[in-house]
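A.B. asks: From the sequence below, what's the structure:
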Amino acid sequence: MTKKVVVVGGGWAGSAAALAARKAGAEVELFERTDMLLGTGLVGGIMRNNGRFTATEELIAMGGGDLFQIADQMARHRNIEFPGHKHATLYDVAKIEPAVRQALLAAGVTIHLHTRVKDIVKSGDAITEVIAEDFLSKREIKAAGDAFVDASGTAGPQGNCMKYGNGCVMCIFRCPTFGPRLSIAAKAGVTEKIGKKPDGSFGAMSGSCKLHKDSLAKDIVAKLDTTGVAIIPIPANLRKGAATLTQKACQQYALPEFNDNIVLLDTGHAKLMSSYYPLDMLRQIPGFENARFEDPYAGSIGNSMRYIGMLPRDNALKVEGLANVFAGGEKAGLLVGHTEAIITGTLAGHNAVRTALGLDLLVLPTELACGDAIAFVRESMLTNEGMMKKYTFSGSVYFERMKRLRLYTTDVKAIKDRVAKAGMTGVFSKALH
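C.D. replies: Residues are numbered from 1 along each chain as shown. Next up, the predicted model:
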């Protein structure tokens with residue numbers, strides 16, 4: 001009898017979990033409260049920068065790299081550099097979601113869009129069913145499952161952005177329209193964890209905005225279109241101050257260059273590498289006289305607040321205290337980025353099928369960057385100091401660790417050999433029985 005996996009949250013992590021569970025042989029239903037998949041992936045756009053290249057190629061070698069390959073196909077620019085980052089790929093944020101959605105549908109995933117999970121049914125320490133409501137039809141949908149993946153994210157609702165940030169800034173999460181996220185694990189009684197900034201305050205602000213390219217000077221647009229990057233010096237009197245860099249979830253961008261310059265990346269919109277920028281200040285910078293924010297719409301005052309609802313989990317990404325629930329993406333801890341979400345989502349979806357079949361869970365070996373990151377972040381989050389940091393393959397704490405452990409490389413053959421030596425080649429491409 002075919003086993004059933006239910007995934008809650010359709011961001012990069014949820015999409016990866018759904019695809020991995022299908023490849024492992026399960027029937028899969030995916031619930032996403034908004035009208036599109038990918039969440040922050042709709043406004044993100046950066047892949048393969050720094051250690052993310054290594055992690056990406058590891059997952060491809062392990063048979064779970066389908067979403068990375070789609071992002072490569074949707075690339076606007078490849079092998080670019082910007083401050084602190086090398087060999088990055090920038091995908092087109094306007095084209096990526098339809099491509100991912102089609103891939104999931106082609107794989108046989110049942111997708112429920114604008115359908116918010118609002119409750120669960122629990123038996124002992126296991127969830128047996130989720131109860132959702134379709135935003136448009138107001139129809140109630142129930143989905144029973146053998147195992148579940150909580151990939152509901154850690155951002156929103158508006159109340160958290162008001163409490164920990166600068167208020168609702170009308171970002172891509174669109175909480176006022178589609179309602180707040182709901183963690184099925186939290187609904188089942190698991191206590192969520194809240195990340196901290198270096199000053200001890202809670203949460204972290206998303207690290208970039210989107211500007212409408214047509215609102216920028218033609219020479220800036222031309223630079224973006226041809227090279228993918230534009231770096232414009234900021235007059236000293238218009239700099240926000242280095243202290244604002246510590247607010248960001250994306251600590252890999254907390255470099256002096258991002259305080260002294262406007263750094264733009266071409267992902268279809270102009271990706272502004274700053275959590276926010278007061279519009280009256282921004283428009284005083286040459287070339288930005290007509291600047292307009294596309295995400296968040298109130299990007300002049302702030303950005304979305306994240307890391308306000310993580311889950312305790314083991315290195316197989318099983319949620320502690322529940323028998324059949326796995327965490328992917330930011331639910332799995334203080335891991336920042338699309339690459340990190342795809343990797344944790346893939347492992348969570350795969351292990352959900354293993355649990356449904358009564359098989360031993362897969363833990364990625366720490367000889368691989370993917371496995372080491374998952375284990376290191378879990379261990380780090382056990383300390384107060386660790387809860388004040390963010391971890392990513394692309395910079396800051398974890399990238400430095402990658403280099404120190406000699407896990408970072410752009411040699412694809414060496415990466416494939418490492419995966420083979422660990423016995424992990426193709427592990428996510430095989431149906432389980």
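
A.B. asks: what's the spacing between residue 262 and residue 50?
C.D. replies: Residue 262 sits 21 Å away from residue 50, taking C-beta to C-beta, to the nearest Å as the criterion. Placement of C-beta: from N, CA and C, glycine included.

A.B. asks: What segments of the stretch 251-400 of the chain are strands?
C.D. replies: With DSSP state E, counting those that start in this stretch, the ranges of strands along the stretch 251-400 of the chain come out as 261-266, 270-272, 293-295, 305-306, 325-327.

A.B. asks: Just the residues contacting the longest one, thanks.
C.D. replies: Taking contacts as C-beta atoms under 8 Å, 6 or more residues apart in numbering, the residues outside strand 261-266 that touch it are 45-46, 76-77, 80, 82-83, 90, 211, 213, 216, 220, 224-225, 228-234, 257, 270-274, 285, 288.

A.B. asks: what do you get for stretch 384-393?
C.D. replies: For stretch 384-393, the surrounding residues in contact (C-beta under 8 Å, 6+ apart) are 50-52, 54-55, 193, 195-198, 200, 204, 249-252, 307, 333-337, 339-340, 369, 373, 376-377, 379-381, 396-399, 402.

A.B. asks: same thing but 6 Å
C.D. replies: The set of residues external to stretch 384-393 that reach it, using C-beta atoms under 6 Å, 6 or more residues apart in numbering, is 51-52, 55, 195-196, 198, 249, 251-252, 334-337, 339, 377, 380-381, 397-398.

A.B. asks: Endpoints of it, how far apart?
C.D. replies: Length of stretch 384-393, first residue to last, C-alpha to C-alpha, to the nearest Å: 21 Å.

A.B. asks: Please identify which helix or strand holds residue 87.
C.D. replies: Using DSSP states H and E, residue 87 sits within strand 85-91.

A.B. asks: Show me what the helix or strand following that strand is in contact with.
C.D. replies: Note on strand 85-91: by DSSP H and E, the next helix or strand toward the C-terminus is helix 96-107. Identification of contacts with helix 96-107 by C-beta under 6 Å, 6+ apart yields 15, 18-19, 22, 36-38, 70, 74.

A.B. asks: picking that back up, just the buried ones out of the contacts of stretch 384-393, please.
C.D. replies: Listed as buried from those are 51-52, 55, 195-196, 249, 251-252, 334-337, 339, 377, 380-381, 397-398; burial here means 16 or more other C-beta atoms under 10 Å.

A.B. asks: Let me see the contact set for the closest residue to residue 37 other than its chain neighbours.
C.D. replies: Using C-beta to C-beta, 6 or more residues apart in numbering and skipping the chain neighbours, the partner closest in space to residue 37 is residue 10 (4.3 Å). Neighbouring residues of residue 10 by C-beta under 6 Å, 6+ apart: 30, 32, 37.

A.B. asks: Count the neighbours of residue 200 for me.
C.D. replies: Residue 200: 9 surrounding residues under other C-beta atoms under 10 Å.

A.B. asks: next one: residue 221
C.D. replies: For residue 221, the neighbour count with other C-beta under 10 Å is 18.

A.B. asks: Tell me the spacing between it and residue 88.
C.D. replies: From residue 221 to residue 88 the distance is 20 Å (C-beta to C-beta).

A.B. asks: what do you get for residue 195?
C.D. replies: In this structure, residue 195 and residue 88 are 25 Å apart, going by C-beta to C-beta.

A.B. asks: The helix or strand hosting residue 80 pairs with which strands, and in what direction?
C.D. replies: Assignment of secondary structure by DSSP H and E places residue 80 within strand 75-82. When pairs are called by DSSP bridges, strand 75-82 turns out to pair with strand 85-91 (antiparallel).

A.B. asks: Quick one: distance of the partner strand to the chain centre.
C.D. replies: Centroid separation for strand 85-91 versus its chain: 16 Å, with C-alpha atoms, centre = their mean, to the nearest Å.

A.B. asks: Do me a favour and average the pLDDT over stretch 56-69.
C.D. replies: For stretch 56-69, mean pLDDT rounds to 98.

A.B. asks: buried set for it?
C.D. replies: Across stretch 56-69, burial judged by 16+ other C-beta under 10 Å covers 56-68.

A.B. asks: picking up where we left off before, with mean neighbour count, mean pLDDT and distance to residue 351 added, can I get the strands of the stretch 251-400 of the chain in TSV?
C.D. replies: Formatted as TSV, the strands of the stretch 251-400 of the chain follow (neighbours: other C-beta atoms under 10 Å; pLDDT from 0 to 100; distance: least, C-beta to C-beta, whole Å):
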stretch	mean neighbour count	mean pLDDT	distance to residue 351
strand 261-266	23	96	34
strand 270-272	24	97	33
strand 293-295	23	97	33
strand 305-306	28	96	24
strand 325-327	33	98	6
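
A.B. asks: any chance of those in JSON lines, with distance to residue 178 too?
C.D. replies: Shown next, in JSON lines, are the strands of the stretch 251-400 of the chain (distance: least, C-beta to C-beta, whole Å):
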{"stretch": "strand 261-266", "distance to residue 178": "27"}
{"stretch": "strand 270-272", "distance to residue 178": "24"}
{"stretch": "strand 293-295", "distance to residue 178": "15"}
{"stretch": "strand 305-306", "distance to residue 178": "17"}
{"stretch": "strand 325-327", "distance to residue 178": "22"}
